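>>> could you work out the structure for the sequence below:
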Amino acid sequence: MDVKQPQPPPPSSVKIKRTTSSDNAGSGSIILNKYQLTRLLGRGSFAKVYHARCLDDNKEFAVKVINKTITTIDASMEPRIIREVSAMKRLNHHPNILKLHEVMATKTKIYFVMELAHGGELFTKLNRRGGRFSESTARFYFHQLVSALHFCHQNGVAHRDIKPQNMLLDKDGHLKISDFGLSALPEQLQNGLLHTACGTPAYSAPEVVYRKGYNGAKADAWSCGVILYVFLAGSLPFDDSNLPNMYKAIHRREFQFPDWVSKPARRIINRLLDPNPDTRYSIEELMNTTWFKKSSSMKQEEQSRKKFFGEGILEKESKHMERMNAFDIISMSSGLDLSGLFEAGLNKKEMRFTTNVEVMKVEEKVMKIGKDEGYRVERRKKGGIGLVKGRVVLLMEILEVAKELWLVEFKVVNGGSEFEDCQWKELKSRLKDIVVSWYNDVS
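Predicted coordinates for the structure are as follows:
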């Protein structure tokens, strides 16, 4: 289902229409003498979303209202808004991407006039189907997802937050990709790579989390692998509230398929969930697989869609779903900034950093530091290095997180009250020549 669309020229800048309408936007307000906000549909930290009708033709829209004072308080919001608008303007011509119709502004507010997805989140429909789809239904929606992402990448946009909650349905049950607040544009590339850690942990490629350059299209391909697994298995392949443990499982590829997932689908998922982006399937390679190219007829797809939604139910559900989906449609806060991922939950008895120095050299350096500081050095049977001095026991473990990148973790596993801040500072000072990034400050 590779839909070829005309390539819109990338905008050189984002143009925002100015309006003299009242800044007290709420139900009943009229914006630019054109859109009437009829009712509040949802709210978040940075925006309110209203159902709206166009006074010219009575068409329905979702309007996101952002208070400009937020962009003043949070300096990261303004470039994010500009990036989201720029991305969506590039992508307005694909049938499986939510459309941005207009952007307007007053002295205190910004208004996004968006397509209203009457069918709600695909995630909601997935839950109503017992948490998983049949393979034919999964392929029907997966085709549309991949087609939309292929179009994004052709136009220089990486989405970076693909998950079921950002996959919506129109009134006919067709897929609409939404929420480009964390998307990346070509101007963000450094030496052809992206460097911002962002996304939702369970759906984000491992290389995105660790502060090293990555390919945005390959990161989106990983998310496709997670999505296809969720569609078919009814659960996440990797799901652990302890994020370092989850990434250990990712790099050891510790996930299992339910018996009902077919072998061809397993091969696709295995190639997408490859922690090494260099050998992971690209979107183009995925689209050339036999499993992906196996396409049911339009009649069969329509029957599958009707079976999924239920004859005569869709129209009734759409009005009900309007009030459920609007903030999820265009909220910019559904993604999670992962830049401080490994700081969460850490204290002065733990320290982590990434390194591109090979494991053996890291171990040799730690053992030398330990001996110089009067520790007894022990190699642990289950892996890792132990440093022992009196009651104090330090444990160091190394986890491969990407090609030629390792996460090194130090923990005080005994005698914490006797291990002082100055000792962390000394250790940190002696390790600095092998560190790519620290993940908590012990100074």
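>>> could you pull out the helices for the stretch 101-250 of the chain?
Applying DSSP state H, counting those that start in this stretch to the stretch 101-250 of the chain gives helices spanning 122-128, 135-154, 206-209, 216-233, 243-251.
>>> okay, those in CSV with mean neighbour count, mean pLDDT and distance to Pro275 next?
The C-beta positions use only the backbone N, C-alpha and C, and glycine is treated the same way. Below are these laid out as CSV (neighbours: other Cβ atoms under 10 Å; pLDDT from 0 to 100; distance: least, Cβ to Cβ, whole Å):
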stretch, mean neighbour count, mean pLDDT, distance to Pro275
helix 122-128, 18, 83, 25
helix 135-154, 22, 94, 20
helix 206-209, 25, 86, 5
helix 216-233, 24, 95, 9
helix 243-251, 17, 85, 5
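>>> Leu431 is nearest to which of those helices?
With Cβ to Cβ, the closest approach to Leu431 among the helices of the stretch 101-250 of the chain belongs to helix 243-251: 18.5 Å.
>>> show me what secondary structure element comes after the closest one.
For helix 243-251, the succeeding helix or strand toward the C-terminus, using DSSP states H and E, is helix 263-272.
>>> that following helix: what's the following helix or strand?
helix 283-287.
>>> buried ones in that following helix?
By 16 or more other Cβ atoms under 10 Å, the buried positions in helix 283-287 come out as Ile283, Leu286, Met287.
>>> out of the helices of the stretch 101-250 of the chain, which comes closest to Arg80?
Nearest of these (Cβ to Cβ): helix 216-233, 15.9 Å.
>>> tell me what angle the closest one forms with helix 243-251.
Relative orientation of helix 216-233 versus helix 243-251 (axes from the mean of the first three to the mean of the last three Cα atoms, to 10 degrees): 90 degrees.
>>> got the angle for helix 216-233 vs helix 135-154?
Using the same axes, to 10 degrees, helix 216-233 lies at 170 degrees relative to helix 135-154.
>>> so which elements touch helix 216-233?
helix 135-154, helix 206-209, helix 263-272, helix 283-287 (3 or more Cβ pairs under 8 Å, 6 or more residues apart in numbering; DSSP states H and E).
>>> next one: the last one to chain centre, how far?
Right, the one you point to is helix 283-287. Relative to its chain's centre, helix 283-287 lies at 20 Å (Cα atoms, centre = their mean, to the nearest Å).
>>> and the contacts of the following helix or strand past that helix?
Next along the chain after helix 283-287, taking DSSP H and E as the criterion, comes helix 290-293. Under the criterion Cβ atoms under 8 Å, 6 or more residues apart in numbering, residues Arg139, Phe142, His143, Val146, Pro264, Ala265, Arg267, Ile268, Leu286, Met287 lie in contact with helix 290-293.
>>> list the buried residues in helix 290-293.
Quick answer for helix 290-293 (16+ other Cβ under 10 Å): Trp291, Phe292.
>>> Glu350 against Lys411, yeah?
Yes - under the criterion of Cβ atoms under 8 Å, Glu350 makes contact with Lys411 at 5.2 Å.
>>> what is in contact with these two at once?
If you check Glu350 and Lys411 against Cβ under 8 Å, 6+ apart, no residue is contacted by both.
>>> any weak-confidence spans in the protein?
Within the chain, the ranges that satisfy pLDDT under 70 run 1-28, 32, 44-45, 70-77, 211, 295-348, 382, 400-404, 416, 439-443.
>>> touching, Glu373 and Phe419? I think so.
No - in this structure, Glu373 is not within contact of Phe419 by Cβ under 8 Å, at 11.6 Å.
>>> comparing those two, which residue is more hemmed in?
Neighbour count, other Cβ atoms under 10 Å: between Glu373 and Phe419, Phe419 has more, with 19 against 14.
>>> got the phi and psi for the more buried one?
When read as degrees, to the nearest 10, the backbone of Phe419 gives phi -100, psi 110.
>>> which ones are touching it?
For Phe419, the contact set (Cβ under 8 Å, 6+ apart) comprises Lys349, Val392, Leu394, Val412.
>>> SS state for the last one?
It refers to Val412. strand (DSSP: H, G, I helix; E, B strand; the rest coil).
>>> surely Leu145 touches Cys224?
Yes - under the criterion of Cβ under 8 Å, Leu145 makes contact with Cys224 at 6.6 Å.
>>> if anything else comes up later, I'll come back, but that's it for now.
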